[in-house]
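> predicted model follows, preceded by the sequence.
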Amino acid sequence: MAKVEKMVLKKTEFTRSNRPGFSLLELMLALALVSVVGMIVAPNFLSRVPRQQRTQFVETLNAVIHEGWMHALETGHVFKVTLNIERRSLSLHEKTEQIDIDGTEIFKSVALQTVAPGYAWPEHFAVKQLFVQGIDEIAQHTTGNIIEDIWFFIMPEGMAQEVIINMIDAKDTHSAIDGQEVSLVLNPLRVQFEEYEEFRTPAA
């Protein structure tokens with residue numbers, strides 16, 4: 001009888017030691033590993049999202065400029081790219097031969113092929129300065145708290161004015177609490193904006 005009891009006990013011990021499952025220590029180690037991986041991956045993922053949105057904005061802006069550049073070369077006319085800061089919109093206009101009663105040149109709107117109607121750039125992009133030919137047009141075109149349309153020209157020869165857009169990306173707090181400084185600099189010869197992660201000012 002004693003021999004039978006020993007065999008039963010041995011069988012029970014074998015079954016317990018080989019049954020599937022995780023010990024508390026194994027679970028704690030797994031949770032710790034997941035936490036460490038999360039701390040590494042999550043900040044990189046979160047910081048990548050604002051950068052992707054900025055990239056999309058720059059690509060859209062450059063698409064509008066390229067469209068104006070192509071029209072300018074084809075028609076021999078001056079085109080202007082207009083940014084409405086309040087509505088966060090982009091538009092393209094072509095210079096006509098007409099002038100209004102004040103002697104101001106008249107520009108007509110051009111239907112954009114590269115931007116969907118009603119496009120608005122993300123509201124967390126706060127434009128702080130917009131230099132055109134060295135002049136901050138934000139300071140020049142602010143009436144009360146309303147910022148008027150700001151534009152720059154693309155010439156028939158295929159060149160553009162010198163433009164610098166300094167803005168804060170409030171959604172990107174990876175490197176600064178108030179948001180990431182972003183500067184978009186238009187190369188007059190290439191007629192394309194390039195992005196920098198710090199404010200730029202016109203060369204003296």
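Alright, I've got the coordinates.
> separation between residue 176 and residue 29?
36 Å (Cβ to Cβ, to the nearest Å). (Glycine included, C-beta is placed from N, CA and C.)
> any idea whether the spatially most central residue of the chain is helix, strand or coil?
Residue closest to the average C-alpha location in the chain (Cα atoms, centre = their mean): residue 54, at 1.1 Å. Three-state assignment for residue 54 (DSSP: H, G, I helix; E, B strand; the rest coil): helix.
> got it, and the one 5 residues further on?
Three-state secondary structure (criterion: three-state DSSP) places residue 59 in helix.
> and it, how far is that from residue 202?
From residue 59 over to residue 202 the distance is 24 Å, taken as Cβ to Cβ.
> which of these two has more residues huddled nearby?
Legend: neighbour count by other Cβ atoms under 10 Å for residue 59 and residue 202, higher for residue 202 (14 against 11).
> am I right that that one sits in a strand?
No: counting by three-state DSSP, residue 202 falls outside a strand, being coil.
> ranking helices and strands of this structure by mean pLDDT, which lands last?
helix 2-18 (a mean of 51; mean pLDDT, DSSP states H and E).
> what about residue 184, neighbour count?
21.
> is it in a bridge, and if so with what?
Counting by DSSP bridges, residue 184 is bridged to residue 165, residue 195.
> contacting residues for it?
Residue 184 makes contacts with 58, 61, 163-165, 167, 193-196, as judged by Cβ atoms under 8 Å, 6 or more residues apart in numbering.
> show me which of the residues you listed are buried.
58, 61, 163-165, 167, 193 (16 or more other Cβ atoms under 10 Å).
> so which of those is the closest to residue 127?
residue 167 (4.6 Å; Cβ to Cβ).
> how much space separates the closest one from residue 160?
If you go by Cβ to Cβ, the gap between residue 167 and residue 160 works out to 19 Å.
> can you map out the helices along this protein?
2-18, 24-75, 137-140 (DSSP state H).
> burial measure for residue 52, as a count.
Residue 52 has 9 nearby residues by other Cβ under 10 Å.
> wait, residue 103
With other Cβ under 10 Å as criterion, residue 103 counts 6.
> would you list the phi and psi of it?
phi 80, psi 10 (degrees, to the nearest 10).
> so what's it scoring on pLDDT?
pLDDT for residue 103: 86.
> for residue 42, same thing?
Looking at residue 42, the pLDDT reads 46.
> no more questions from me, cheers.
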